[in-house]
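[1] everything below, folded, please.
(2 chains)
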Amino acid sequence: MKIATFNVNGIGARLPRLLDWLAETQPDVACLQEIKTVDDGFPVDAITAAGYHALVHGQKGFNGVAILSKLPATETQRGLPGEPEDDHARYLEADVGGVIVGTIYLPNGNPQPGPKFDYKLRWFDRLRARAATLWATERAVVLAGDYNVCPTPDDLFNEAAMAGDALVQPETRAAWRRLTGDGWRDAIRAVQPSGAAYTFWDYQAGAWPRDHGLRIDHLLLSPAAADRLATAGIDRTVRAGERASDHVPVWVELRG
DNA sequence: ATGCCTATGCGACATAGA
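    Residues are numbered from 1 along each chain as shown, chains lettered A, B, ... in the order given. Predicted structure coming up:
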């Protein structure tokens, strides 16, 4: 079972690129982030025609996540528990063919310090709590998405250039270490323990041609999922396409 | 030190992204 994550940065603008990529790579599950539309605005017909079911947790103008799947998906959670006044559409989870799949759009957190950064750290803790609940089920779980954290200096082109950014702050990295320290397996680092493995290149300042990238899109695997890990990868070439997203798809292949 | 670029919304600029 191939499970992918792709921050599309606007489903409206990105639909042709998304359909190309689905047709080419045929993931069984695709977790989307930043669809930037309400549920009714999601292009269900085009996704259905491409051979996928769609679960959508949308929001007007920004945020919004979705789970596309070849098999029917049963929703298990919509929104992250723990902060009732949080109305951002950033989390959706489903059972797909016996695997629990979560699509995650963790807050960016800039500018920092400030309320957006505080929200990011709270959200990170709430995700860790949900992850612990899933961990306890001993099921195969894949938490895939845009975590908005560069875990180590290997995960960005220039540590000094990003020193003030919310994606690399010690508190952000500590939150990532707490989550992964619980035992969740970083799929890309399982197949490539060190070195650049970027998943995002800014639209600005020639970041793509200069390879000034970040690794911020991650798939975390529970033990039962990690036991089935066959391979994982990054579809880098998607970044070179016409009207590309600033993120590219990242995926894991599970045996069985 | 700052903006560079892109997507969206009831828009003719602002907000958000990272």
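
[2] who touches the one residue in chain A that gets nearest to DNA strand B in this structure?
    Here the residue of chain A nearest DNA strand B is residue A:10; by Cβ to the nearest atom of the strand that distance is 2.4 Å. To be clear about C-beta, it is placed using only N, CA and C from the backbone, and glycine gets the same treatment. Applying Cβ atoms under 8 Å, 6 or more residues apart in numbering to residue A:10 gives the contacts A:34-36, A:245.

[3] most surrounded residue in those residues?
    residue A:35 (29 neighbours; other Cβ atoms under 10 Å).

[4] wait, that residue sits on residue A:68?
    No: Residue A:35 is beyond contact range of residue A:68, at 10.8 Å (criterion: Cβ atoms under 8 Å).

[5] what does residue A:70 show for phi and psi?
    The phi/psi pair for residue A:70 (degrees, to the nearest 10) reads phi -70, psi -40.

[6] with residue A:252 instead?
    When read as degrees, to the nearest 10, the backbone of residue A:252 gives phi -140, psi 140.

[7] contacts with DNA strand B among the contacts of residue A:10, please.
    Restricting the contacts of residue A:10 to those touching DNA strand B (Cβ under 7 Å from any atom of the strand) yields A:34, A:36.

[8] apart from its neighbours in sequence, what residue is nearest residue A:62?
    Distance criterion Cβ to Cβ, 6 or more residues apart in numbering; nearest residue to residue A:62, sequence neighbours excluded, is residue A:36 at 5.5 Å.

[9] give me the element that neighbour is part of.
    Using DSSP states H and E, no element contains residue A:36; it sits outside every helix and strand.

[10] how close does it sit to residue A:159?
    Using Cβ to Cβ, to the nearest Å, one gets 30 Å for the distance from residue A:36 to residue A:159.

[11] near DNA strand B, which residues of the stretch 101-250 of chain A?
    A:107-108, A:110-111, A:116, A:146, A:148, A:165, A:167, A:200, A:202-205, A:214, A:216, A:243, A:246-247.

[12] of the residues you listed, buried ones?
    A:107-108, A:146, A:148, A:165, A:167, A:200, A:214, A:216, A:246-247 (16 or more other Cβ atoms under 10 Å).

[13] phi first, then psi, for the residue of chain A closest to DNA strand B.
    According to degrees, to the nearest 10, residue A:10 has phi 100, psi 100.

[14] same thing with residue A:175?
    phi -60, psi -40.

[15] could you do residue A:185 as well?
    According to degrees, to the nearest 10, residue A:185 has phi -100, psi 120.

[16] pLDDT value on residue A:177, please?
    pLDDT recorded at residue A:177 is 98.

[17] against residue A:145, how distant is the spatially closest residue to it that is not a sequence neighbour?
    Ranked by Cβ to Cβ, 6+ apart and with sequence neighbours excluded, the top spatial neighbour of residue A:177 is residue A:151, at 7.7 Å. In this view, residue A:151 and residue A:145 are 14 Å apart by Cβ to Cβ.
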